[in-house]
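Q: Any chance you can model this:
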Amino acid sequence: MTPRRFLFVMHYPGYLRYFDSAIRLLAARGHHIDLVFDNPDKQSEGTEAISDMEGAVEVLGRMPTRGDVWAFVARDVRGTMDYGRYLHPDFADTPYLRDRMQTALPDVFSFLADRKTRSVAFVQRLTRLFATCERAIPSSSVIENLIRSRKPDAVLVTPLVTDCSPQVDVVKGAQALGIPAALCVASWDHLTTKGLIRIQPDLVSVWNEEQKKEALAYHDIPASSIVVTGAQPFDRWFERRPTTREEFCAKVGLPADRPFVLFVGSTASISAPDAELTFVRRWIAALRAHPSLADISILVRPHPFNARHWSDADIGDLPNVAVYPHWANPVNESDRQDYFDSLFHSEAVVGINTTAMIEAAIVGRTVHTVLAEEFKDTQGGTLHFRYLLSENGGFLRVAGSLAAHAAQVAETLASPEIGREACARFVRTFVRPHGIDVLTTPILVDALERLAATGRARVRMPVLLYPLTALLWVSGILSHYPQRTWNLVRKQWRILGKKTYNARKRLRRVQPSRVNDDREGNDVPHPSKGSGRPERRAEGRRKVG
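A: All right, here's what the predicted structure looks like:
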């Protein structure tokens with residue numbers, strides 16, 4: 001295998017938890033990986049996942065961004081596309097997603113928010129229109145220079161679909177230089193909860209057939225560019241072994257001689273901090289009200305990026321309830337082991353809407369949820385949550401009330417195998433579609449190696465788009481530099497006024513000599529003949545006489 005160079009552009013270091021296994025395997029096969037981040041300060045602890053890989057992996061820091069007028073034009077074009085996708089009828093019942101993306105919609109197109117849904121044809125026409133505008137935005141020389149300096153054989157980006165993402169310029173710059181570019185989809189919800197893939201990469205890696213359908217239907221990616229790899233972030237859970245139950249329970253502060261139910265928290269966008277605290281207290285009370293669950297132990301594991309409220313929470317009045325850890329992003333081996341132990345040693349797992357539910361299914365734990373009113377928009381109001389439902393081939397045991405939920409949890413504790421077949425079936429199709437025993441990381445790495453070996457032709461903007469490019473540039477100047485534009489107009493107006501005044505002044509100086517020539521019979525036309533005020537003509541004759 002020829003050693004290759006890869007430039008991997010991530011939104012922030014936290015994304016390494018999705019791809020550290022792929023980066024390690026690329027390095028093990030002799031390749032070099034340069035890492036760049038749009039925001040290197042966010043979740044900076046993510047770099048711990050590759051801290052032992054000096055040499056093969058080089059962290060370059062912040063990805064440069066364009067600072068010209070095209071940055072403003074691109075943001076407006078991409079923001080309109082990102083909002084427009086949620087007008088598709090499939091998203092009619094997702095107000096949370098649509099309202100969240102409205103912040104990306106520029107004011108000039110705010111009328112699009114007047115209706116919550118449009119026809120498929122309308123959305124397709126809107127997307128094609130702004131996709132054409134995106135093609136008319138030139139590549140950034142700043143970004144091209146960075147890419148050129150690293151001499152990569154392939155450029156990789158993730159997630160590309162954040163609202164108004166600057167990573168579009170990375171893909172555009174790579175293709176302008178004749179370097180193939182790939183989107184590595186990071187998570188199971190990224191193709192239905194964020195923006196559009198606004199430019200077609202040479203390769204799009206997805207987890208499963210469901211995500212492939214999403215890429216085809218909502219992002220207009222050609223089937224030939226899509227590769228189904230499986231969920232490579234989860235390879236680490238299949239072969240991992242737990243620590244002893246006694247050791248783990250002593251660490252978290254729960255008795256080892258009784259079962260515990262694990263509550264896994266969600267991000268703040270799914271489960272607002274105050275709402276989560278209030279719900280968990282109601283949930284614990286409902287469990288304890290069930291006769292067979294009166295003494296059940298409970299472990300609350302906050303989401304690593306929605307944990308601060310748990311640090312301040314007073315749960316001293318709740319016996320046999322532990323919160324652990326108060327904060328930890330499982331990117332190093334120690335924290336990952338703690339996370340795995342939490343899932344493995346639990347008897348049942350409960351959550352609102354989080355990736356931890358899928359990871360619990362991998363470990364073989366029955367997973368429960370409650371369709372709570374406060375989370376209505378972030379559960380049923382998202383497309384990805386529906387994949388977890390049993391009617392769609394999912395594994396969740398769903399209850400419409402806390403009382404019904406408590407009865408289901410009691411049933412699971414009495415018969416732990418009750419949901420395991422559903423979990424196994426889901427994992428076979430959603431997580432490891434190539435076979436339950438087939439590692440997914442090598443499938444992704446093989447695809448990236450093939451991409452780097454193929455190359456591609458340079459992409460040039462079609463001449464037919466030049467007029468649109470000019471129009472977008474003018475609109476960007478007028479929209480985002482109004483004061484500068486007004487100052488320029490005033491300056492040009494003053495210059496024009498001064499030129500007009502000087503011209504009239506010169507004209508007045510030559511008038512007397514021309515009148516004199518006319519009196520002497522020369523065939524010189526009088527410039528003011530038949531025009532001007534009579535008093536001025538009379539005054540002119542007196543001066544000549």
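Q: Was I right to think residue 349 contacts residue 365?
A: Yes. Under the criterion of CB atoms under 8 Å, residue 349 makes contact with residue 365 at 4.9 Å. In short, each C-beta sits where N, CA and C put it, glycine included.
Q: Show me the shaky parts of this structure.
A: Applying pLDDT under 70 to the chain flags residues 483-490, 492, 510-545.
Q: at 50 what do you get?
A: Where the chain drops to pLDDT under 50, the residues are 524-545.
Q: Now for residue 349 and residue 365: what residues contact both?
A: The contact sets of residue 349 and residue 365 overlap at 262, 343 (CB atoms under 8 Å, 6 or more residues apart in numbering).
Q: ok, residue 459 - contacts?
A: Per CB under 8 Å, 6+ apart, neighbours of residue 459: 172, 175-176.
Q: Sitting in strands, which of these do you find?
A: Among the contacts of residue 459, no member falls in strands (DSSP state E).
Q: I'd like those laid out as TSV, including neighbour count.
A: Formatted as TSV, the contacts of residue 459 follow (neighbours: other CB atoms under 10 Å):
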residue	neighbour count
172	24
175	22
176	19
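Q: all strands for the chain, in order.
A: Shown for the chain, the strands assigned by DSSP E span residues 5-10, 32-37, 57-62, 154-158, 181-184, 203-206, 226-228, 260-264, 297-301, 321-323, 348-351, 367-370, 397-399.
Q: wait, which of those strands is closest to residue 417?
A: Closest approach to residue 417 among the strands of the chain is made by strand 348-351 (11.9 Å; CB to CB).
Q: which other helices and strands contact the closest one?
A: The elements that strand 348-351 packs onto, with contact taken as 3 or more CB pairs under 8 Å, 6 or more residues apart in numbering; DSSP states H and E, are strand 260-264, helix 355-363, strand 367-370, helix 402-414.
Q: So for residue 223, which of those sits nearest?
A: Closest to residue 223 of these is helix 355-363 (CB to CB; 25.3 Å).
Q: gap between that closest one and the chain center?
A: Between the centre of helix 355-363 and the centre of its host chain there is 23 Å, according to CA atoms, centre = their mean, to the nearest Å.
Q: repeat for stretch 415-423
A: Centroid displacement of stretch 415-423 relative to its chain, using CA atoms, centre = their mean, is 34 Å.
Q: hey, where'd the helices end up in the stretch 401-545 of the chain?
A: All helices of the stretch 401-545 of the chain, identified by DSSP state H, counting those that start in this stretch, fall at 402-414, 420-426, 441-454, 466-480, 482-519, 534-544.
Q: and the second one, which residues are buried?
A: For helix 420-426, a neighbour-count test (16 or more other CB atoms under 10 Å) marks 420, 422-423, 426 as buried.
Q: again with the third one
A: Taking 16+ other CB under 10 Å as the basis for neighbour counts, the residues of helix 441-454 that come out buried are 441-445, 447-449, 451-452.
Q: any idea which of the residues you listed is closest to residue 101?
A: Closest to residue 101, out of all of the buried residues of helix 441-454 and judged by CB to CB, is residue 444, at 28.5 Å.
Q: In space, what's closest to that closest one - neighbours in sequence excluded?
A: Counting by CB to CB, 6 or more residues apart in numbering, the nearest residue to residue 444 once its immediate chain neighbours are dropped is residue 229, at 4.3 Å.
Q: same check, this time on residue 472
A: Leaving aside its chain neighbours, residue 472 sits nearest to residue 73 (5.1 Å; criterion: CB to CB, 6+ apart).
Q: I'd assumed residue 137 was in contact with that neighbour.
A: Yes. Counting by CB under 8 Å, residue 73 touches residue 137, with 6.1 Å between them.
Q: what residues are shared contacts of these two?
A: Any residue near both residue 73 and residue 137 by CB under 8 Å, 6+ apart counts here, and that gives residue 472.
Q: Among the helices and strands packed on strand 348-351, which comes closest to residue 156?
A: Of the helices and strands packed on strand 348-351, nearest to residue 156 by CB to CB is helix 355-363, at 21.3 Å.
Q: Tell me which other helices or strands the closest one touches.
A: Helix 355-363 packs on helix 235-238, strand 260-264, helix 333-344, strand 348-351, strand 367-370, helix 420-426, going by 3+ CB pairs under 8 Å, 6+ apart.
Q: and the residue nearest to residue 472, what does it touch?
A: Neighbour list for residue 73: 137, 472-473, 475-476 [criterion: CB under 8 Å, 6+ apart].
Q: and of these, the nearest to residue 111?
A: residue 475 (16.9 Å).
Q: so what's that closest one closest to, chain neighbours aside?
A: The nearest residue in space to residue 475 (CB to CB, 6+ apart) is residue 73, at 7.1 Å.
Q: How much space separates that neighbour from residue 264?
A: To residue 264, residue 73 is 42 Å away according to CB to CB, to the nearest Å.
Q: burial of the residue nearest to residue 444, as a residue count?
A: Neighbourhood size, residue 229 [other CB atoms under 10 Å]: 24.
Q: do residue 72 as well
A: For residue 72, the tally of surrounding residues (other CB under 10 Å) stands at 17.
Q: I figured it hits residue 476, correct?
A: Yes. At 5.2 Å, residue 72 counts as touching residue 476 under the criterion of CB under 8 Å.
Q: Tell me if I'm right that residue 329 and residue 45 touch.
A: Yes. Applying CB under 8 Å, one finds residue 329 in contact with residue 45, separated by 5.5 Å.
Q: Looking at these two, which one has more neighbours?
A: Shown here are residue 329 and residue 45; by other CB under 10 Å, residue 329 has more neighbours (20 against 16).
Q: Need the nearest residue in space to that one, chain neighbours excluded.
A: Excluding the flanking residues, the one nearest residue 329 by CB to CB, 6+ apart is residue 304, at 4.2 Å.
Q: cool, residue 480 as well?
A: Counting by CB to CB, 6+ apart, residue 480 lies nearest to residue 72, which is 4.1 Å off, once chain neighbours are set aside.
Q: got it, and residue 410?
A: residue 292 is the one closest to residue 410 (CB to CB, 6+ apart), at 4.6 Å.
Q: what about the one you found, distance to residue 282?
A: To residue 282, residue 292 is 19 Å away according to CB to CB.
Q: Can you give me the neighbour number for residue 99?
A: 13.
Q: right, I mislabeled it, should have said residue 103
A: 11.
Q: That one: what's it in contact with?
A: With contacts defined as CB under 8 Å, 6+ apart, residue 103 is in contact with residue 163.
Q: Next: residue 47.
A: By CB under 8 Å, 6+ apart, the contact list for residue 47 reads 13, 16, 59.
Q: What residues of stretch 265-282 count as buried?
A: Neighbour counts using 16+ other CB under 10 Å place 265-268, 270-273, 275-277, 279-280 of stretch 265-282 among the buried residues.
Q: my bad, should have said stretch 132-140
A: Buried positions in stretch 132-140, judged by neighbour count with 16+ other CB under 10 Å: 133-140.
Q: Using a markdown table, lay out those together with distance to residue 104.
A: Shown next, in a markdown table, are those (distance: CB to CB, whole Å):
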| residue | distance to residue 104 |
| --- | --- |
| 133 | 15 |
| 134 | 14 |
| 135 | 20 |
| 136 | 20 |
| 137 | 16 |
| 138 | 22 |
| 139 | 22 |
| 140 | 20 |
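Q: Could you single out the nearest of the residues you listed to residue 335?
A: Taking CB to CB as the measure, residue 335 lies nearest residue 140 of those, at 37.4 Å.
Q: Skipping adjacent residues, who's closest to that closest one in space?
A: residue 66 (4.0 Å).
Q: Counting neighbours, what do you get for the one you found?
A: 19.
Q: and if you look at residue 481?
A: Around residue 481 there are 14 other residues, counting by other CB under 10 Å.
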